[in-house]
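Student: what shape does this take:
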Amino acid sequence: MLKLTQEFFGVHDPEVQREAPSPDEAARLWIETTQSFYDYFGTKTAERRAQPTDDLLSQIANARVDGELIRDSYANGWYVAIAPPATTQRRPRSQPSPTQ
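Tutor: So this is what the prediction gives:
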């Protein structure tokens with residue numbers, strides 16, 4: 001998840017930066033990363049709807065508007081909103097980079 005978030009939000013951490021891609025390659029990477037993000041959270045949403053736990057993911061996955069579960073696309077918007085602070089915490093220098 002950390003790697004996906006870093007790619008999705010273009011983190012400026014020199015330890016995970018890559019060389020700047022061409023505009024076409026950047027667009028392709030953006031689409032690929034976005035799809036991976038939505039695939040990951042689509043699976044998590046289905047899991048939490050089937051077996052809720054006591055976490056924020058379950059709260060979002062099982063949120064209702066007018067008695068109906070929110071759409072997956074709406075849940076994904078919430079995941080995007082909360083993912084950066086939850087997954088981009090600075091790690092101690094003694095921990096290896098997640099891309100290593």
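Student: how about the contacts made by L69?
Tutor: R49, N62, A63 (Cβ atoms under 8 Å, 6 or more residues apart in numbering). For glycine as for every other residue, the C-beta is placed from the backbone atoms N, C-alpha and C.
Student: what is the burial count for T34?
Tutor: Using other Cβ atoms under 10 Å, T34 is surrounded by 15 other residues.
Student: make that Y40, sorry
Tutor: Y40 has 14 nearby residues by other Cβ under 10 Å.
Student: and it, which helix or strand is it part of?
Tutor: Y40 belongs to helix 23-50 when assigned by DSSP states H and E.
Student: check which helix or strand N76 maps to.
Tutor: Using DSSP H and E, the element containing N76 is helix 72-87.
Student: now that helix: mean pLDDT?
Tutor: The pLDDT scores in helix 72-87 average 78.
Student: contact partners for T45?
Tutor: By Cβ under 8 Å, 6+ apart, the contact list for T45 reads L57, I60, A61, D72, A75.
Student: buried ones in the helix holding Y40?
Tutor: Buried residues in helix 23-50, counted by 16 or more other Cβ atoms under 10 Å: T33, F37, Y38, F41, K44, T45, R48.
Student: over to stretch 53-62?
Tutor: Buried residues in stretch 53-62, defined by neighbour count with 16+ other Cβ under 10 Å: L57, S58, I60, A61.
Student: so for stretch 39-50, mean pLDDT?
Tutor: 94.
Student: got it, and stretch 21-33?
Tutor: 82.
Student: what about D54, distance to W78?
Tutor: The gap separating D54 from W78 is 17 Å, by Cβ to Cβ, to the nearest Å.
Student: and what of S22?
Tutor: In this view, S22 and W78 are 33 Å apart by Cβ to Cβ.
Student: can you check Q59 too?
Tutor: Counting by Cβ to Cβ, the gap from Q59 to W78 is 9 Å.
Student: look up phi and psi at T53.
Tutor: Dihedral pair for T53: phi -120, psi -180, per degrees, to the nearest 10.
Student: same thing with L69?
Tutor: phi -60, psi 140.
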